[in-house]
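Visitor: Generate coordinates for the sequence data below:
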Amino acid sequence: MAKARAPSRSRASARPADLLALAKQVVRTEAAAVAALEKRLGAEFVEAVDVLASARGKVIVSGVGKSGLIAHKLAATLTSTGTPAVFLHPTDALHGDAGLFTPGDAALFISKSGGSEELIALIQYLERHAIPLVSIIATPRSALAERSRVTLMTGPVREACPMELTPTTSTTVAQVMGDCLAIALLERRGFRAEDFRFLHPGGVIGGVASRRVGELMHAGESVPRVRQTAPLREIMLEIMARRLGITAVVDGKGRLAGVVTDGDFKRILMKHHDPWRLTAASVMSRTPTTVDRDALVATAVRMMESHAPGPITALIVIDEQRRPIGVLHLHDCLRAGG
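Guide: Below is the predicted model:
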């Protein structure tokens, strides 16, 4: 009769001291890799921030496997800190969701090897729409790195797994690099603590807060404007016709000289016995609050709510020459956010 073999010692029977030592080794391994990441931050990182900040649309974040989970988290972090971003699984993109790519977007791919076939297959869509690609990669000289506008290297690193098979250290440093990008973009965009209130799902305008003013503003012929010499009647008709509660007042070169609101108009009628001879130059507010078309809607709403001496409902959008190119109304922000 064969002699029964003694059962091998399973990991379940490992001593508590051994498990504690192993956990501490994981911490040391990953902490060392994160500390080494600081030396990898250089000109490429600044260039990557420039590429993502210059996107007029959204940032499309993608990855496969564990890198995909990090990409999903990074997309949420970017959106909550003022950079509109979405996560796109490469398999979904190849089966109908590639329509998410549009001109003006930027792409951010995360991959340990830089050789993920699913990610490389997406590059055709990026090139079709001239979308720049920033990649976070652990392995040098990879196929994905060669086709990226900017490559941020995080490795090679030693995985904390005793068999060096499970992505542990590599995913940690990828997440830290992603956090570096998110915080740098936050600072680049002038994102403030007050903006978080609007970007929170329970905030006033929800997800629309991370969009740009230029997406929601009234533009072109819809922008109310009068000359400085315009009489009060013309001002009244312009405000009524455009239905935005405000009109820009422009000088001879088309630059913003001031604004007149429907509230101003009512106060003028109450103050003057014969107001109809007044001109825009004599009644306008000469230091109106304005906003840039690339500003976040969250920032614009905060400007309206914190306006002194009291909240306002519309902002004139100006270009580099201070010419009025649009009007952002609070009601449009609320409707879009609903």
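Visitor: Quick one: the strands in the stretch 201-338 of the chain, in order.
Guide: For the stretch 201-338 of the chain, strands defined by DSSP state E, counting those that start in this stretch occupy the ranges 218-219, 225-227, 246-250, 256-261, 290-292, 314-318, 324-329.
Visitor: Compare those strands and give me the one nearest residue 26.
Guide: Across the strands of the stretch 201-338 of the chain, residue 26 has its closest neighbour in strand 290-292 (46.6 Å, CB to CB). (Glycine included, C-beta is placed from N, CA and C.)
Visitor: can you put the strands of the stretch 201-338 of the chain in CSV and add mean pLDDT?
Guide: CSV is the format used below for the strands of the stretch 201-338 of the chain (pLDDT from 0 to 100):
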stretch, mean pLDDT
strand 218-219, 95
strand 225-227, 97
strand 246-250, 96
strand 256-261, 96
strand 290-292, 95
strand 314-318, 96
strand 324-329, 96
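Visitor: So for stretch 38-51, mean pLDDT?
Guide: Mean per-residue pLDDT for stretch 38-51: 94.
Visitor: longest helix in the chain, by residue count?
Guide: As assigned by DSSP state H, the longest helix anywhere in the chain is helix 16-40.
Visitor: can you list contacts of that one?
Guide: Outside helix 16-40, the residues within contact range by CB atoms under 8 Å, 6 or more residues apart in numbering are 152-155, 157-160, 162, 168-169, 172-173, 176-177.
Visitor: Show me how the record splits this structure into domains.
Guide: 21-190, 206-337 (automatic domain parsing).
Visitor: Just tell me which of the ones you listed ends up closest to residue 15.
Guide: Closest of the domains of the chain to residue 15 is domain 21-190, at 9.3 Å (criterion: CB to CB).
Visitor: Pull the contacting residues for residue 328.
Guide: Neighbouring residues of residue 328 by CB under 8 Å, 6+ apart: 213, 216-218, 291, 297, 300, 314-315, 317.
Visitor: partner residues bridging it?
Guide: When bridges are called by DSSP bridges, residue 328 pairs up with residue 315.
Visitor: still on that earlier bit, give me the buried entries from the contacts of helix 16-40.
Guide: 152-155, 157, 159-160, 168-169, 172-173, 176-177 (16 or more other CB atoms under 10 Å).
Visitor: Next step: the residues you listed restricted to helices.
Guide: Going by DSSP H, the helices hold 169, 172-173, 176-177 from those.
Visitor: Just the terminal-to-terminal distance for stretch 145-158.
Guide: 20 Å (CA to CA, to the nearest Å).
Visitor: again, but for stretch 112-131
Guide: By CA to CA, the extent of stretch 112-131 from end to end equals 22 Å.
Visitor: If you count neighbours, what's buried in it?
Guide: Residues of stretch 112-131 classed as buried: 112, 114, 116, 118-120, 122-123, 125-126, 131 (neighbour count, 16+ other CB under 10 Å).
Visitor: what's the least confident helix or strand in this structure, going by average pLDDT?
Guide: helix 193-199 (a mean of 60; mean pLDDT, DSSP states H and E).
Visitor: about what we covered before: distance to residue 59 added to the buried ones among the contacts of helix 16-40, as JSON lines?
Guide: Output for the buried ones among the contacts of helix 16-40, formatted as JSON lines (distance: CB to CB, whole Å):
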{"residue": "152", "distance to residue 59": "14"}
{"residue": "153", "distance to residue 59": "20"}
{"residue": "154", "distance to residue 59": "19"}
{"residue": "155", "distance to residue 59": "23"}
{"residue": "157", "distance to residue 59": "25"}
{"residue": "159", "distance to residue 59": "28"}
{"residue": "160", "distance to residue 59": "29"}
{"residue": "168", "distance to residue 59": "26"}
{"residue": "169", "distance to residue 59": "25"}
{"residue": "172", "distance to residue 59": "22"}
{"residue": "173", "distance to residue 59": "20"}
{"residue": "176", "distance to residue 59": "18"}
{"residue": "177", "distance to residue 59": "15"}
